[in-house]
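Q: When you get a sec, could you give me coordinates for this:
(one chain, ligands or ions: 1)
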Amino acid sequence: MNHVDYKTAPLVGATIQLDQQTYRLEATEPYRRKDGVLSRLLIWRSDCPRCGQSFTVKTGLVTKSLNRRCEPCRLRAKSPVSGRGRAQPITIKRNG
Ligand SMILES: [Zn+2]
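A: From the prediction side, this is the model:
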C-alpha cells in the first residue's frame, strides 16, 4: 500500500506501513475542501529514513503519496547538485 484512502478519519495512534517505514497518526484537524465539504486533515509522524529525524506530514483522507523524508532532506534532494553550494531562496506558497 502506498496511498491513504480513508472514508472517515482514523483514530489518533493508528499506524500505516509504507515499505519499511511506519507512519503514526498524531492528530487530525478540520479542513474545508475546495468544494465546501468539511473534511479532516491527517497529521502523520514518521522517522526520516535518511537522517533519522522525526517529522510530520499532513494529508487529506485520500492521498496518493506520502513524504518519505523530512523536509531538510527533501529540499536537499530537490536542489541541484552544485559545487558552489549556495542555497537557493525558498518560495513558500500559501493556500488560502
Ligand atoms: Zn531527513
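
Q: quick one: is stretch 64-78 near the ion?
A: Yes: Stretch 64-78 lies within reach of the ion by Cβ under 5 Å from the ion, at 69-70, 73. Any C-beta I mention is one placed from the backbone N, CA and C, and that applies to glycine too.

Q: Stretch 7-26 now?
A: No: using Cβ under 5 Å from the ion, we find that stretch 7-26 stays clear of the ion, coming within 11.9 Å at best.

Q: Show me which of the residues of stretch 64-78 next to the ion are buried.
A: Those of those that meet the buried threshold are 69-70, 73, by 16 or more other Cβ atoms under 10 Å.

Q: from the chain's centre, how far out does the worst-scoring helix or strand of the chain on mean pLDDT sit?
A: In the chain, the helix or strand scored least confidently by mean pLDDT, DSSP states H and E is strand 4-5, which has a mean of 82. Averaged C-alpha coordinates place strand 4-5 at 13 Å from its chain's average position (Cα atoms, centre = their mean, to the nearest Å).

Q: on contacts alone, who are the packing partners of it?
A: strand 62-63 (3 or more Cβ pairs under 8 Å, 6 or more residues apart in numbering; DSSP states H and E).

Q: Now tell me what touches the strand it packs on from outside.
A: 3-6 (Cβ atoms under 8 Å, 6 or more residues apart in numbering).

Q: now stretch 4-24
A: Counting by Cβ under 8 Å, 6+ apart, 1-2, 25-28, 40, 42, 44-47, 49, 57, 59-63, 66, 68 sit against stretch 4-24.

Q: hmm, 6 Å instead?
A: 2, 25, 28, 40, 44-46, 49, 59, 61-63 (Cβ atoms under 6 Å, 6 or more residues apart in numbering).

Q: Are any of those buried, and if so which?
A: By 16+ other Cβ under 10 Å, the contacts of stretch 4-24 give 25, 28, 40, 44, 46, 59, 61 as buried.

Q: Name the member of those with the shortest distance to the ion.
A: Nearest to the ion among the buried ones among the contacts of stretch 4-24, counting by Cβ to the ion, is Ser46 at 10.3 Å.
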